[in-house]
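J.: need coordinates for the following:
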Amino acid sequence: MEQTTTVTYEALMAALGYTETPEIWRTGWEAAEASFPAEGLPFVTEAFLADVQEICDFSDDILAELRSICARVREDASLTRLAWLWHTLAFECPTVAAWPNPPCLGAQAAMFPAVVQLSGLPRIFVLHHERNIPRSVTRDTCRDLEVWMRHAKRYTGAWGFTRLIWMQHHCAGRLYRIGRLEFIHKPFPDGQVHVYRQGATGAVQALSAPGIRYRRDGLIDGTNDRCEPNAWTATLERDEESVRGYPIAPNGRASAEPVTLSLREWAPALLPGDPILDMHIPADGRMHFAECGESMRQALEFFPRYFPEKPVARAFGCWSWLLDSQYEQLLPPNSNIVQFLREFYCFPQRSDDSDPFFRVFGTMPPDLRTAPRDTALRRAMLDFTLTGNRLHMAAGFILIDGLAWGKAAYRR
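T.: Residues are numbered from 1 along each chain as shown. Next up is the predicted model:
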């Protein structure tokens, strides 16, 4: 349809039903208007959807929803303007997760970010083509759009998409799905742990990064919004002969008793800045333990083959609700979650139980006593929390040198 070019920012937002808007929209408005395509938005056309579908192979119900929301945007001049504004900002803006959806779309408002995400898929296609990445990897990587739409439908009853900020990784060519898992090649972040390995025995010891305050239970002070007045602060000191710091056990708990490691016996195995493969678990099926191990094996071949300029990763890393070692007491030892977390050398993160409940229930249930208890995991989480306990997130690493998936090596 014909697009007007005389609308003001204030008039557009009023037509869309907004009373307040993010400041970044206003500051980016003129540049977006100046670059608005005269022929209309290319990423809401049926032809574009057909091209995307050829690569992404969306399920029929997902494709129908995408067609529906694209048609609404295509037929409404105000929505096309907003979609282009989001498109020009979304893939570079770190605050994209907080953007409000257009009120004028009513019950379908949560689908608006999916339109913008469609506009980012060609970026992925181009980056993958330049690297000769297999089409199967491209298709699986792009499937996160469908994964998160299904997550919204499952837990809210309506189609939606809320992960534009997460999909920035895909559109920038950082994240790749390889089998069951997703991976990002990145530096091991500071403020976590420093890892040493003993040459004679192969024993591994993680030491806390300096400056982190811990409670008596070995978790970071402030976890689950609980602080202790007598929390202690970790230090880390290294000279030519030794390193002295506060150890963290493989189950993710810090000790208040420092240790000293002789550098004649212990060598750095993983330090801040070292290359790792950051691992993520897409929420689109069971987390079969063997499939996770095979995915990691394939990732070790994938990155040197398609990114030979990147340094060889020293470890796998993971930051997830799945690494809370409390699940070892809540679930059977042969459960996929328990087997998965026991492969990692875990370390604590300041967090709460919002992410575990979001992942398993879609949101924090307003009343835990009446929340659904239809799976073993849901029952375990509810019983645990109703008795006064709290779940949280954690992190972990698996050193690639000496990797033995399935052996729970760090727990020995």
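J.: where do the helices sit along the stretch 101-250 of the chain?
T.: In the stretch 101-250 of the chain, the segments counted as helices under DSSP state H, counting those that start in this stretch are 112-130, 135-142, 144-156, 164-171.
J.: can you list these in TSV and add mean pLDDT?
T.: Converted to TSV, the helices of the stretch 101-250 of the chain look like this (pLDDT from 0 to 100):
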stretch	mean pLDDT
helix 112-130	96
helix 135-142	97
helix 144-156	93
helix 164-171	94
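J.: figure out which of these is closest to Val338.
T.: Closest to Val338 of those is helix 144-156 (C-beta to C-beta; 23.3 Å). Backbone N, C-alpha and C define where each C-beta goes, glycine included.
J.: the closest one versus helix 112-130: what angle between them?
T.: Relative orientation of helix 144-156 with respect to helix 112-130: 150 degrees, computed using axes from the mean of the first three to the mean of the last three C-alpha atoms, to 10 degrees.
J.: need the CA coordinates for helix 144-156. CSV is fine.
T.: Output in CSV follows, covering the C-alpha atoms of helix 144-156 (Å, rounded to 0.1, in the frame of the first residue of the first chain):
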residue,chain,number,x,y,z
ASP,A,144,15.1,-20.3,17.6
LEU,A,145,12.4,-18.0,16.2
GLU,A,146,10.0,-20.9,16.1
VAL,A,147,11.3,-22.3,19.5
TRP,A,148,10.5,-19.0,21.3
MET,A,149,7.1,-18.6,19.5
ARG,A,150,6.1,-22.0,20.8
HIS,A,151,7.3,-21.2,24.2
ALA,A,152,5.0,-18.2,24.3
LYS,A,153,2.1,-20.2,23.0
ARG,A,154,2.7,-23.0,25.5
TYR,A,155,2.9,-20.8,28.6
THR,A,156,0.6,-17.9,27.7
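J.: what helices and strands are in contact with it?
T.: Contact here means 3 or more C-beta pairs under 8 Å, 6 or more residues apart in numbering; DSSP states H and E; on that basis helix 144-156 packs against helix 60-74, helix 112-130, helix 164-171.
J.: first-to-last residue distance for stretch 106-113?
T.: Counting by C-alpha to C-alpha, to the nearest Å, the length from the leading to the trailing residue of stretch 106-113 is 14 Å.
J.: now the helices and strands packed on helix 144-156 as TSV including distance to Gly106 and mean neighbour count?
T.: Conversion of the helices and strands packed on helix 144-156 to TSV gives the following (distance: least, C-beta to C-beta, whole Å; neighbours: other C-beta atoms under 10 Å):
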stretch	distance to Gly106	mean neighbour count
helix 60-74	10	17
helix 112-130	11	20
helix 164-171	20	20
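J.: hang on, the earlier thing: closest one to Ile337 among the helices of the stretch 101-250 of the chain?
T.: With C-beta to C-beta, the closest approach to Ile337 among those belongs to helix 144-156: 18.0 Å.
J.: just the buried positions in that closest one, please.
T.: Along helix 144-156, the positions that meet the burial threshold by neighbour count (16 or more other C-beta atoms under 10 Å) are 144-153.
J.: what's the neighbour count on the nearest residue to Ser208 once chain neighbours are set aside?
T.: By the measure of C-beta to C-beta, 6 or more residues apart in numbering, the closest residue to Ser208 outside its immediate chain neighbours is Ala234, 3.9 Å from it. The burial count assigned to Ala234 is 22, neighbours taken as other C-beta atoms under 10 Å.
J.: residues contacting Ala234?
T.: The neighbours of Ala234, taking C-beta atoms under 8 Å, 6 or more residues apart in numbering as the test, are 208-214, 245-246, 254.
J.: repeat that for Arg74.
T.: Arg74 neighbours (C-beta under 8 Å, 6+ apart): 1, 40-41, 44-45, 80.
J.: try it again with 6 Å
T.: Val44 (C-beta atoms under 6 Å, 6 or more residues apart in numbering).
J.: quick one: pLDDT of it?
T.: With respect to pLDDT, Arg74 scores 96.
J.: domain map for the chain?
T.: Here the chain is described, according to automatic domain parsing, as comprising the domains 9-173, 178-352+392-412.
J.: can you give me the end-to-end span of the shortest one?
T.: The distance separating the two terminal residues of domain 9-173, taken as C-alpha to C-alpha, comes to 33 Å.
J.: can you pull out the low-pLDDT segments for the chain?
T.: Low-confidence segments of the chain, defined by pLDDT under 70, span residues 1-6.
J.: again, only this time at 50
T.: Along the chain, the model assigns pLDDT under 50 to residues 1-4.
J.: next, the buried residues of stretch 174-181.
T.: 175-181.
J.: picking up where we left off before, identify the farthest-apart pair in the contacts of Ala234.
T.: For those, the farthest-apart pair by C-beta to C-beta is Arg213 and Gly245; their separation is 14.5 Å.
J.: so between these two, which is more surrounded?
T.: Neighbours of Arg213 and Gly245, each counted by other C-beta under 10 Å, are more numerous for Gly245; the result is 23 against 14.
J.: specify the beta-bridge partners of that one.
T.: Residues in a beta bridge with Gly245, per DSSP bridges, are Leu236, Val259.
J.: what about it, distance to Asp61?
T.: Gly245 sits 53 Å away from Asp61, going by C-beta to C-beta, to the nearest Å.
J.: same question for Arg379.
T.: 30 Å.
J.: again, but for Thr385
T.: Distance from Thr385 to Asp61, counting by C-beta to C-beta: 33 Å.
J.: count the neighbours of Gly402 for me.
T.: The tally of other residues near Gly402 (other C-beta under 10 Å) stands at 12.
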